[in-house]
Structure formats: structure tokens, C-alpha cells
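Q: Here is my input, please return the structure:
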Amino acid sequence: MKYYVTLTGLNYRYGTMPFAVGQKVRLVKEPENQADREAIRAELPGLGKVGYVANSTHTVKGDCYSAGRLYDKIGNTAVAKVKYILCDAVICKVKADTAAAVPPMNPDTGLPYGSEEDAIAF
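A: Here you go, the predicted structure:
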């Protein structure tokens with residue numbers, strides 16, 4: 001399934017300058033985010049965080065999904081492709097079937113939960 005999302009908060013960092021149509025953007029869930037438990041961070045290689053997936057009716061453009069609607073449809077990370085660049089936002093397409101699900105990690109060992117043999121398989 002394909003979903004369109006709006007990247008916002010760009011003007012707090014680099015604006016729309018680093019984006020190009022067809023470019024890939026990494027989306028990373030931020031469950032520890034105090035302001036929004038459904039926050040999804042947008043990252044570019046070499047720059048790191050460049051914005052967030054919009055999660056407000058005031059910032060979601062057109063028929064795009066909000067971060068809250070997308071949150072349970074992707075793994076801990078996903079890849080999006082830039083489709084449109086607007087003056088204050090970027091519209092990206094996310095394929096849920098290509099989202100990379102990351103297994104839950106044990107904070108004590110830094111490995112996925114389960115037996116050591118299972119951790120080696122990852």
C-alpha cells in the first residue's frame with residue numbers, strides 16, 4: 001500500500017533546499033518525543049534530521065496521511081520518496097510494504113529480545 005505524507009518543520013533546519021524530486025528520505029519513529037508520541041522524524045544522509053511528518057490538520061497537505069495515521073502502518077523506520085516540493089513543505093510517497101521493521105531491542109544487551117541464536121539471525 002502507498003501513502004503520501006507531508007514533511008513539515010523544514011524552516012527550523014534547512015528549508016526545502018536539500019530536497020529534490022525522486023530523492024529518498026528516511027523516516028524514523030520517535031516514541032520518546034515528549035511533544036508528540038506519534039512523531040516521525042525525517043532524515044537525509046549527511047544532514048540528519050530535516051523535519052517531521054506532519055501530524056496536525058493545519059500542516060497536513062491535501063489527502064496526505066498524518067503521522068498518527070501512518071504510525072502503525074510502518075516499522076520503526078521506513079523510506080519515503082520525494083514527489084513534490086512546495087514553498088513550506090515536501091510531499092513524499094511511502095510504501096508500507098518496503099518499510100523496514102526493526103525488532104524490539106533489549107536495552108540491557110543492545111540486542112533484539114529473544115535467544116542469542118535469534119539475535120544472530122538479524
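Q: In contact with the nearest residue to Gln23 once chain neighbours are set aside, which residues?
A: Excluding its sequence neighbours, the residue lying closest to Gln23 (Cβ to Cβ, 6 or more residues apart in numbering) is Val82, at 4.6 Å. C-beta coordinates here come from the backbone N, C-alpha and C atoms, glycine included. Remark: with contacts taken as Cβ atoms under 8 Å, 6 or more residues apart in numbering, Val82 is in contact with Phe19, Ala20, Val21, Gly22, Gln23, Lys24, Val25, Val90, Ile91, Cys92.
Q: try Val28
A: Contacts for Val28 were tallied using Cβ under 8 Å, 6+ apart; they are Ile40, Arg41, Glu43, Asn76, Thr77.
Q: try 7 Å this time
A: With contacts defined as Cβ atoms under 7 Å, 6 or more residues apart in numbering, Val28 is in contact with Ile40, Arg41, Glu43, Thr77.
Q: Show the pLDDT at the residue nearest to the spatial centre of the chain.
A: Computing the C-alpha centroid of the chain and ranking residues by Cα atoms, centre = their mean puts Leu27 first, at 2.0 Å. Leu27 carries a pLDDT value of 95.
Q: ditto for the one 5 residues further on
A: According to the model's per-residue confidence, Glu32 sits at a pLDDT of 91.
Q: Where neighbours are concerned, which of the contacts of Val82 has the most?
A: For these, the largest number of neighbours (other Cβ atoms under 10 Å) sits with Val90, at 27 neighbours.
Q: Look up how far Thr57 lies from Val28.
A: Using Cβ to Cβ, to the nearest Å, one gets 23 Å for the distance from Val28 to Thr57.
Q: Adjacent strands (with direction) for the top strand by length along the chain?
A: When secondary structure is assigned using DSSP state E, the longest strand within the chain turns out to be strand 77-85. In the sheet, strand 77-85 lines up against strand 24-29 (antiparallel), strand 90-95 (antiparallel) (DSSP bridges).
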